[in-house]
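>>> Just to be clear, the model below is a prediction. Sequence and coordinates:
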Amino acid sequence: MATGLAKGLNGKRAAFGDGRKIIWGPWSKEIFQGNPQIARPGDEGKSNIQWIDFYKGHRQYNKMNAKRTHWVWNYDFKATPGRFFLSFDEIEFAENCGHGFAVIEPNVPWHKTVAPNKDWGKPRYQAVADRLRADGWDVVQFSHGRDRLRNVRVVTTPTFRHAAAALSRAALAILPEGGLHHAAAALHIPAVVIFGGFIPPAVTGYAMHNNLTGGAEACGSLSRCQHCRDALDNISVDEVCSALAG
């Protein structure tokens, strides 16, 4: 999302921080690699930067509630598709992955407490993969996370950038809300994105994608939530496959 905020600054580079210090999170160096629109730590004194109040622990799209049990979403924020600047080696890696395939990713950030609220379920992703294969699709999953699907082609991606490079060759993707769905938007890849009831597509979704919520309002619960479980259960395999066909 930060790379989307960095676009259109009339020649200036985005300085993500508090107005004094550029603050990068653990993934910033990898995601921002090669991006000439973003200032690096150490560039604070440069004249061609524009400060943007957006960094780890201080995002524009949410804030913690007083009890620190839920995210409160800022519906005035709307994610803009970002940009990836792939290196020659990454482009070459992508070319070796083939093209025109369907990417399917069942994994969510299992290390986070919100994971159960974003997990549509491996069996449902497997059912979608099986239907795609029956329709003649080359179905690809990246080598990431604990849930591995059967009878799909696994592409080994050493880093997130390799995954993004491979994704750039896809014809479509089925993904949970998260890093890969933002990458798909940045790479202009059509996708069906499983949102459920945790985070609203009105804030972090993209118009180019089919964003499925199960009819729920986003609650932002940081712990296992029945509301989020019900929302995910309301998204059927048929609905996802219909969204792909549409």
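In hand now; what should we look at?
>>> Please point out which parts of whichever helix in the chain runs longest sit buried.
Looking across the chain with DSSP state H, the single longest helix is helix 122-134. In terms of neighbour count (16 or more other CB atoms under 10 Å), helix 122-134 has its buried residues at 124-133. No exception for glycine: its C-beta is placed from N, CA and C like everyone else's.
>>> how about the residues you listed in a markdown table, adding pLDDT?
What follows is the buried residues of helix 122-134, written out as a markdown table (pLDDT from 0 to 100):
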| residue | pLDDT |
| --- | --- |
| R124 | 98 |
| Y125 | 98 |
| Q126 | 98 |
| A127 | 98 |
| V128 | 98 |
| A129 | 98 |
| D130 | 98 |
| R131 | 98 |
| L132 | 98 |
| R133 | 98 |
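>>> which of the residues you listed lies closest to G214?
Using CB to CB, R124 is the member of these that lies nearest G214, at 11.9 Å.
>>> Now the closest one: closest residue in space, sequence neighbours ignored.
Using CB to CB, 6 or more residues apart in numbering and skipping residues adjacent in sequence, the residue nearest R124 is V237, 5.5 Å away.
>>> so that neighbour sits right up against R131, yeah?
Yes - contact criterion CB atoms under 8 Å: V237 and R131 qualify, at 7.5 Å.
>>> ok but I91 is inside a strand, no?
No - applying DSSP: H, G, I helix; E, B strand; the rest coil, one finds I91 to be helix, outside a strand.
>>> and the residue nearest to it when sequence neighbours are not counted, what does it touch?
Among residues not flanking I91 along the chain, A165 sits closest, at 6.6 Å (CB to CB, 6+ apart). Residues near A165 by CB atoms under 8 Å, 6 or more residues apart in numbering: 86, 90-91, 93-94, 97.
>>> If any of those are buried, put those into a PyMOL selection.
Selecting only the buried entries of those in PyMOL, with 16+ other CB under 10 Å as the criterion:
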select buried, resi 86+90+93+94+97
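>>> can you list the contacts of A165 in JSON lines and add pLDDT?
Listed next are the contacts of A165 as JSON lines, based on pLDDT from 0 to 100:
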{"residue": "L86", "pLDDT": "96"}
{"residue": "E90", "pLDDT": "97"}
{"residue": "I91", "pLDDT": "97"}
{"residue": "F93", "pLDDT": "97"}
{"residue": "A94", "pLDDT": "97"}
{"residue": "C97", "pLDDT": "97"}
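>>> Check which element follows the host helix or strand of A94 along the chain.
Element membership of A94 [criterion: DSSP states H and E] is helix 88-95. Scanning forward in sequence from helix 88-95 by DSSP H and E, the next helix or strand is strand 101-104.
>>> elements contacting that next one?
Under the contact criterion of 3 or more CB pairs under 8 Å, 6 or more residues apart in numbering; DSSP states H and E, strand 101-104 touches helix 122-134, strand 139-142, strand 170-176.
>>> That strand: which residues count as buried?
101-104.
>>> what lines up beside it in the sheet?
For strand 101-104, the paired strands and their directions (DSSP bridges) are strand 139-142 (parallel), strand 170-176 (parallel).
>>> export it as PDB, just CAs?
Taking Å, rounded to 0.1, in the frame of the first residue of the first chain, the C-alpha atoms of strand 101-104 are listed here in PDB:
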ATOM      1  CA  PHE A 101      -1.700 -20.000 -15.000                       C
ATOM      2  CA  ALA A 102      -4.000 -19.600 -12.000                       C
ATOM      3  CA  VAL A 103      -2.300 -18.800  -8.600                       C
ATOM      4  CA  ILE A 104      -4.200 -20.100  -5.500                       C
END
